[in-house]
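Trainee: here is a sequence together with a model predicted from it:
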Amino acid sequence: MDITIRRSQTADAAAMAQLMSHPEVLPGLLQLPHASTEQWEQRLKNNLTPGGTDLPLVAVTGGEVVGSAGLHAAGPALRRRHVMHLGLAVAPQAQGRGVGKALMAALIDYADNWGQVLRIELGVFVDNERALKLYQRFGFEIEGRQRAYALRAGRYVDSYAMARLHPNPPGWG
């Protein structure tokens, strides 16, 4: 499978709305159902703000957006500027075909070599075994279990808090 990883664009709004609301993708995310193209267009426009620190990426194969991933600032606190949150989604037809791996590799390269990121955090539902394996392959460790973390299809589900520290933080000289 030929996979191209690139920064998301406002023209991806319809594809993002479709990906994030797919019935096999939505349960693994904190997104809400029925997102519109207009909502995604606004979110993608916000990512283009000059000086922004977020890194929103998409995976494209055959001209179709089949995955999305991003690093997002942990918040405005000066003492947490070394931390970013990670999110990832892959279309069902592209799962198990290297899309998640390619997106993760691009995010990790950015974080370790360009973004001054020491710590990457994420949350993953405890029953999402495929995602857990992917994250662990990239050095993420479970730091705790968050009980009744989110409502999913009418039931509260647990989530793991996971993080990865830069394995060889940059030095000087």
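Mentor: Received it, and whenever you're ready, just let me know what you need. Numbering: from 1, shown residues only.

Trainee: so for the worst-scoring helix or strand of the chain on mean pLDDT, what gets flagged as buried?
Mentor: Within the chain, no helix or strand scores below helix 37-46, which has a mean of 92 by mean pLDDT, DSSP states H and E. Going by neighbour count (16 or more other C-beta atoms under 10 Å), the buried part of helix 37-46 is Trp40, Glu41, Arg43, Leu44. Backbone N, C-alpha and C define where each C-beta goes, glycine included.

Trainee: so where do the helices sit in the protein?
Mentor: 13-20, 37-46, 99-113, 129-137 (DSSP state H).

Trainee: now render the buried residues of helix 37-46 as CSV, adding distance to His85.
Mentor: Shown next, in CSV, are the buried residues of helix 37-46 (distance: C-beta to C-beta, whole Å):
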residue, distance to His85
Trp40, 19
Glu41, 22
Arg43, 15
Leu44, 18
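
Trainee: now, which of those residues sits nearest Ile3?
Mentor: Distance to Ile3 across those (C-beta to C-beta) is lowest for Leu44, with 20.2 Å.

Trainee: related to what we said a few turns ago, looking at the helices of the chain, which is nearest to Met84?
Mentor: Using C-beta to C-beta, the nearest of the helices of the chain to Met84 is helix 99-113, at 6.5 Å.

Trainee: which residues sit in contact with Pro167?
Mentor: Residues near Pro167 by C-beta atoms under 8 Å, 6 or more residues apart in numbering: Asp112, Gly139.
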